[in-house]
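**Q** I would like the atomic coordinates for the input below:
(one chain, ligands or ions: 2)
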Amino acid sequence: MTMKKVLTIAGSDSSGGAGIQADLKTFQELGVYGMSALTTIVTMDPKNDWHHNVFPIEISTLEAQIETILSVGIDAMKTGMLGSVEIIETAAKTIKESGVPAVIDPVMVCKGEDEVLHPETADALREVLVPLATVVTPNLFEASQLAQVKPIKTIEEMKKAAEKIHALGPKYVIIKGGSKLQSEKAIDLLFDGENFTILQAELINTPYIHGAGCTFSSAITAELAKGKSVTEAIDVAKDFITAAITHGFKLNEYVGPTMHGAYRTFGADRTKVEQ
Ligand SMILES: Nc1ncnc2c1ncn2[C@@H]1O[C@H](COP(=O)(O)OP(=O)(O)O)[C@@H](O)[C@H]1O
Ligand SMILES: Cc1ncc(COP(=O)(O)O)c(C=O)c1O
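**A** Ligands and ions are numbered 1, 2, ... in the order given. So this is what the prediction gives:
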């Protein structure tokens, strides 16, 4: 069997739990060959209350990385933290040029913060990138930004937002309720333009979910590269992230990532509800 190849266009999380580090670990776990085009480097300052600093990469450096990777060839791709309108446009061009399934994780902030870093990037994500997605994977905050609706608190509001985001052009929208939805379960809502499906797992009582969104979207990408359908890929990804969060761990007093090896080591145990 030939090795399937995937590209992530994303930021580096120097602490190793999110960003391209999470993406590459997830690709490896799911048996695909990962390649990365770096957009920004994120650090956390231990002397300044773990404040995030974001160091952008030159656009020509990003373009050179993508040229290398497209010359190798890819079976699927994803995007994570992009950081500027110019980078979003470059990612859109890459999707068009490669013609492969594309998972867009519309990262707007790092976890715990509730304000878009650069509002013009939210507009560009909505107008330029999301329309090209095979799957777009916003969390509740990102979904409200993309749909241009008030903060989302219920499944009904998730459904309305999913319809608005789908109207932008992506084939599938999955809104992640995660630990922010007022619910006893970890609920994500999938919309294909016609039907809603609820993916449900136990809500794990843990602060160690750093990189969960990156990991989830990478798992979808890996499975799409292997030829799975979008619904099959999302199913595997939900199992993968549930296992990873179940075994999440403390890295230091500020951050705790998910455990990318948990699905392979311990397997999955999750229920699913069709609606
Ligand atoms: N505490 C939790 N227990 C179980 N699943 C969770 C938990 N928190 C998040 N998830 C799941 O992890 C995936 C990523 O969601 P989330 O953490 O909300 O993304 P993001 O990192 O983009 O904010 C989703 O499938 C979500 O439902
Ligand atoms: C480079 C990078 N990408 C993406 C994210 C978003 O991570 P999460 O999957 O926790 O939403 C972060 C958060 O720190 C990051 O540093």
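
**Q** contacts and neighbour counts: CA atoms only from here.
**A** Noted.

**Q** And ligand 1, is stretch 126-142 touching that?
**A** Yes. With CA under 6 Å from any ligand atom as the criterion, ligand 1 is reached by stretch 126-142 at Asn139.

**Q** is ligand 2 contacted by that stretch?
**A** No. Using CA under 6 Å from any ligand atom, stretch 126-142 stays clear of ligand 2, coming no nearer than 8.2 Å.

**Q** contact partners of that stretch?
**A** 88-89, 91-92, 95-96, 101-108, 114, 146, 151-152, 158, 168-178, 180-181, 213, 217, 230 (CA atoms under 8 Å, 6 or more residues apart in numbering).

**Q** in the stretch 151-275 of the chain, which spans are strands?
**A** Along the stretch 151-275 of the chain, the segments classed as strands by DSSP state E, counting those that start in this stretch run 172-176, 185-191, 196-202, 272-274.

**Q** Please work out which of those is packed deepest.
**A** strand 172-176 (a mean of 25; mean count of other CA atoms under 10 Å).

**Q** tell me what that one is packed against?
**A** Applying 3 or more CA pairs under 8 Å, 6 or more residues apart in numbering; DSSP states H and E, one finds that strand 172-176 contacts strand 135-136, helix 140-147, helix 155-166, strand 185-191.

**Q** Same list (those) but as CSV, adding mean pLDDT and distance to Ala244.
**A** Below are the helices and strands packed on strand 172-176 laid out as CSV (pLDDT from 0 to 100; distance: least, CA to CA, whole Å):
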stretch, mean pLDDT, distance to Ala244
strand 135-136, 98, 21
helix 140-147, 96, 20
helix 155-166, 98, 24
strand 185-191, 97, 14
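
**Q** what's the most buried one of the ones you listed?
**A** strand 135-136 (a mean of 28).

**Q** and it, which strands flank it?
**A** Paired strands of strand 135-136, with direction, are strand 102-104 (parallel), strand 172-176 (parallel) (DSSP bridges).

**Q** Identify the residues contacting the top helix by length along the chain?
**A** Determined from DSSP state H, the single longest helix within the chain is helix 230-246. With CA under 8 Å, 6+ apart as the test, helix 230-246 has contacts from 135, 172, 199, 201-202, 204, 206, 208-209, 212, 215-217, 219-224, 258-263, 266-270.

**Q** same thing with stretch 63-81?
**A** Residues contacting stretch 63-81 (CA under 8 Å, 6+ apart): 4-11, 19, 35-40, 90-91, 94-95, 98, 100-108, 214, 217-218, 221-222, 224-226.
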